[in-house]
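J.: Predicted model and sequence follow; I will ask about them next.
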Amino acid sequence: MAAATPLIVLTILLIIAAKTYMGDVPFIVISGGGRAGSGLFYSPGYAAASVFIIIFSMSVLLPVFDLIAQVHGWKIFWKACAIANKQILQSVLLAVAVALLTTTLAFFLAYWINRGRNLPTTLVEYACYVLFSLPATVTGIALILLWNRPETNFIYGRPAIVVIAHIMRFLPFALVICIAGLSGIDRKLEEVYLLAGKDGLRRLKDIILPPAKSSIWVSLAVCFILSLGEVGATLLVVPPGMETLPVRIYSLMHYGANKIVASLGLFLVALSLLCGVTLTLAWRRKWNLR
């Protein structure tokens, strides 16, 4: 864990520098959609797009095509899915739980940070961003040191410890997204609701949630996809009787089951891609999800 200290210190310094330079401007901006302009076809944009396409092809497309080539037909693919059906179900349920819990926590933290903007909220925001710098193995070791004791075995020996590990890993992503979604809400509208005697739930439903709807769905999708493929921290803290799909793939790699590994890896890619396509279609419909 001491080896990760320079990385943590560097991350803190970069966060302080970024926040000092940007102020309260969010790191990202999420809108309901829009059309791309023609700036891509100018030479700088075209060059950047070309570099992106090359990197994307080498890091994503080629490995996926290699997985497809190793599967050798749908029969092997479905056989692998049948072998790992329990791990697939556990991974999906875990990803759904992590996405819901992480997004909910990030949403209320983002609202508190956006409305507070004082020393406590700044410290909490920085602490969440520092989680960016923690490698998965360091997160897993920290959770082992904290929870692996008789008094807390009711958490450490259950799937809850895996959920906690995933929340620690992906909370910064959800927080950045939710802060961006909540930054455009006018406080005066909330003050009008307060003066009108409306309760907190009505204010949340009518004022806060509508403009933040897109960021909530993006956060859910991002956390789901990231949780679905997490293996570093999960491998260290997973309790007996539980095995996620990435951990199963990691275990099979040591037995030379290349076709099974390729099939399960391809299934994991397809599931993540399905989530991304669903998010894109929802985005194009301007988030009219009811």
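T.: Good, I have the coordinates. Everything numeric here is computed off the predicted structure, so don't read it as measured data.
J.: The spatially most central residue of the chain and S50: what is the separation?
T.: With distances taken as CA atoms, centre = their mean, the residue of the chain nearest its centroid is C223 (2.8 Å). Using CB to CB, to the nearest Å, C223 is found at 31 Å from S50. (C-beta placed from N, C-alpha, C; glycine too.)
J.: Equivalent analysis for I177, please.
T.: Between I177 and S50 the computed distance is 28 Å (CB to CB).
J.: Same question for I8.
T.: Between I8 and S50 the distance is 36 Å, computed by CB to CB.
J.: And for L220?
T.: Counting by CB to CB, the gap between L220 and S50 amounts to 33 Å.
J.: which of those two has more neighbours?
T.: Just comparing L220 and S50: by other CB atoms under 10 Å the higher neighbour count belongs to L220, 21 against 10.
J.: quick one: contacts for the more buried one?
T.: Counting by CB atoms under 8 Å, 6 or more residues apart in numbering, L220 touches 99-100, 103.
J.: again with A165
T.: Contacts here follow CB under 8 Å, 6+ apart; on that basis A165 touches 139-140, 143, 230, 233-234, 237.
J.: Go again with 7 Å.
T.: With contacts defined as CB atoms under 7 Å, 6 or more residues apart in numbering, A165 is in contact with 139-140, 143, 233-234, 237.
J.: Of these, which is the nearest to L171?
T.: The shortest separation between L171 and any of these is 11.1 Å, and it belongs to T139 (by CB to CB).
J.: How far does the strand or helix carrying the closest one sit from its chain's centre?
T.: In this structure, T139 sits in helix 136-147 according to DSSP states H and E. Centroid separation between helix 136-147 and its chain, computed with CA atoms, centre = their mean, to the nearest Å, is 19 Å.
J.: Need the contact partners of that helix.
T.: By CB under 7 Å, 6+ apart, the list of residues contacting helix 136-147 reads 1, 4, 155-156, 161, 164-165, 168-169, 232-233, 236-237.
J.: For the helix or strand following that helix, buried residues please.
T.: Toward the C-terminus, helix 136-147 is succeeded by helix 153-156 as the next helix or strand (DSSP H and E). Neighbour counts over helix 153-156 (16 or more other CB atoms under 10 Å) mark 155-156 as buried.
J.: I'd like the average pLDDT over helix 153-156.
T.: Over the span of helix 153-156, the pLDDT mean works out to 89.
J.: I'd like the next helix or strand past it.
T.: Past helix 153-156, further along toward the C-terminus, the next helix or strand under DSSP H and E is helix 160-182.
J.: now that following helix: how far from the chain's centre is it?
T.: Offset of helix 160-182 from its chain centre (CA atoms, centre = their mean): 6 Å.
J.: Could you do stretch 125-136 as well?
T.: In terms of CA atoms, centre = their mean, the centre of stretch 125-136 is found 13 Å from the chain centre.
J.: Name the next helix or strand following the helix or strand hosting A18 along the chain.
T.: According to DSSP H and E, A18 maps onto helix 5-22. Per DSSP H and E, the first helix or strand lying C-terminal to helix 5-22 is helix 43-56.
J.: And the helix or strand just after that next one, what's buried?
T.: Past helix 43-56, further along toward the C-terminus, the next helix or strand under DSSP H and E is helix 62-71. Neighbour-count burial for helix 62-71 flags 67, 70-71 (criterion: 16+ other CB under 10 Å).
J.: again with stretch 146-165
T.: By neighbour count on 16+ other CB under 10 Å, the buried set for stretch 146-165 is 147, 155-156, 159, 161-165.
J.: will you turn those residues into JSON lines that also has distance to D186?
T.: Converted to JSON lines, those look like this (distance: CB to CB, whole Å):
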{"residue": "W147", "distance to D186": "42"}
{"residue": "I155", "distance to D186": "41"}
{"residue": "Y156", "distance to D186": "45"}
{"residue": "P159", "distance to D186": "41"}
{"residue": "I161", "distance to D186": "41"}
{"residue": "V162", "distance to D186": "40"}
{"residue": "V163", "distance to D186": "35"}
{"residue": "I164", "distance to D186": "35"}
{"residue": "A165", "distance to D186": "37"}
